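S.K.: I'll drop the sequence and a predicted model, then ask my questions.
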Amino acid sequence: MSMNQAFIQNVMDIRGKAGEEWIQRIPQLISNYEKRWNIKVGEPFNLSYNYVVSAEQVDGTPVVLKLGFPGDTELISECNALKIFNGEGSIKLINDDIENGIMLLERAIPGITLDQLKDNELETRIACSILKKLHRPVPQNDKLINLSNWLNGYQKHREKYNGTSGPFPEDIFFLGEEMDKKHYSEQPENPVLLHGDFHHFNILKSQRDEWLTIDTKGVVGDPAYDIAVFLYNPKSLSLETYDLKNLLTRRIEIFSEELNMNKEQIIEWGIAQSVLSSIWSLEDHEKDWEFGIKFAELL
């Protein structure tokens, strides 16, 4: 059972010895669930923190088997959100044993990612149509993640760099932190169920409903959060070859028109989230943290 080194290291960094033991159990877990759910497992996808592998049901229907560390709060939240979405704007949950961190999921076919359209106007309008399906009042469910308790990146960054902005420009870091406190830390009057990681690579072409989302986080909070994540993606955008100012301006206009949302609100959320994405990139030892800062400065 193939595993890339980055996946192994990610799990070990977070879970330690327990993560190592879980990794060693993965081949046996897959064999068990092949029999239990009558599926045939194929090759894994690009792995990061969960073991996600292609599979087929007995009738040849393509599906996805997703294995996460048992008890992982994000995986539990994802499972519960998928039950609530019930295939509207997202892939369907076919079966689960969430206590053991296992889900069987619909596979989006052909699975082309939204960024392949290479059309900012069309991509943004498709994103709006999906958010209209996903965002809904939150049912009573204590297994969903609350956005106000989820993100503490600014605080962790300050602690790491002795209360300073570290390698980030002070003005944009402090502005992002101000916007973070203004919006992220407070529960909105009418919170909705969010995707939680809403970007181009998590929106796939599907024969069933044209475009569907994958990798739902199942977060409860302000609908502007999903927009903020979309704004600075995909990170494959080139700072040299794209007119990012016009691209961002048009995205904000479309989201504001389609979702009846204040432009200033979208911009403020976007600044907070763009800087936060740079904090996460720096935490993961990535070298492209400047990208999020550039977006925040443009916003």
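M.R.: Arrived safely.
S.K.: which phi and psi does P44 have?
M.R.: The phi/psi pair for P44 (degrees, to the nearest 10) reads phi -70, psi 160.
S.K.: As a check, name the ranges of all strands in this structure.
M.R.: Remark: strands assigned in the chain by DSSP state E are 39-44, 51-57, 62-67, 93-97, 102-106, 110-113, 145-146, 192-194, 203-206, 210-213, 219-221.
S.K.: quick one: the second one to strand 93-97, angle?
M.R.: Taking axes from the mean of the first three to the mean of the last three C-alpha atoms, to 10 degrees, one finds strand 51-57 and strand 93-97 inclined to each other by 120 degrees.
S.K.: So which elements touch strand 51-57?
M.R.: Contacts defined by 3 or more C-beta pairs under 8 Å, 6 or more residues apart in numbering; DSSP states H and E place strand 51-57 against helix 17-36, strand 39-44, strand 62-67. From N, CA and C alone the C-beta is placed, and that goes for glycine too.
S.K.: strands paired with the last one, and their directions?
M.R.: I take that to be strand 62-67. Partners of strand 62-67 in the sheet, by DSSP bridges, are strand 51-57 (antiparallel), strand 102-106 (antiparallel).
S.K.: Looking at those, which one is packed in the most?
M.R.: Of all the strands paired with strand 62-67, strand 102-106 carries the top mean neighbour count, a mean of 21, counting by mean count of other C-beta atoms under 10 Å.
S.K.: what angle separates that strand from helix 17-36?
M.R.: 50 degrees.
S.K.: quick one: average confidence on strand 102-106?
M.R.: Taken as a whole, strand 102-106 has an average pLDDT of 98.
S.K.: Which residue lies nearest the spatial centre of the chain?
M.R.: D197 (2.1 Å; C-alpha atoms, centre = their mean).
S.K.: wait, that one sits on G218?
M.R.: No. The pair D197 / G218 is not scored as a contact, 10.1 Å apart, by C-beta atoms under 8 Å.
S.K.: where in the chain is pLDDT low?
M.R.: 1, 185-187, 236-242, 285-287 (pLDDT under 70).
S.K.: how close does the closest residue to E253 other than its chain neighbours get to Y225?
M.R.: Leaving aside its chain neighbours, E253 sits nearest to K263 (7.5 Å; criterion: C-beta to C-beta, 6 or more residues apart in numbering). Computed with C-beta to C-beta, to the nearest Å, the distance linking K263 and Y225 is 16 Å.
S.K.: neighbour-wise, which of those two wins?
M.R.: Y225 (25 against 13; other C-beta atoms under 10 Å).
S.K.: can you pull the contacts of the more buried one?
M.R.: 147, 184, 194, 196, 219, 269, 273 (C-beta atoms under 8 Å, 6 or more residues apart in numbering).
S.K.: sorry, back to before: I'd say the residue nearest to E253 and I254 touch.
M.R.: No. Counting by C-beta under 8 Å, K263 does not reach I254; the two are 10.8 Å apart.
S.K.: With that, I have no additional questions.
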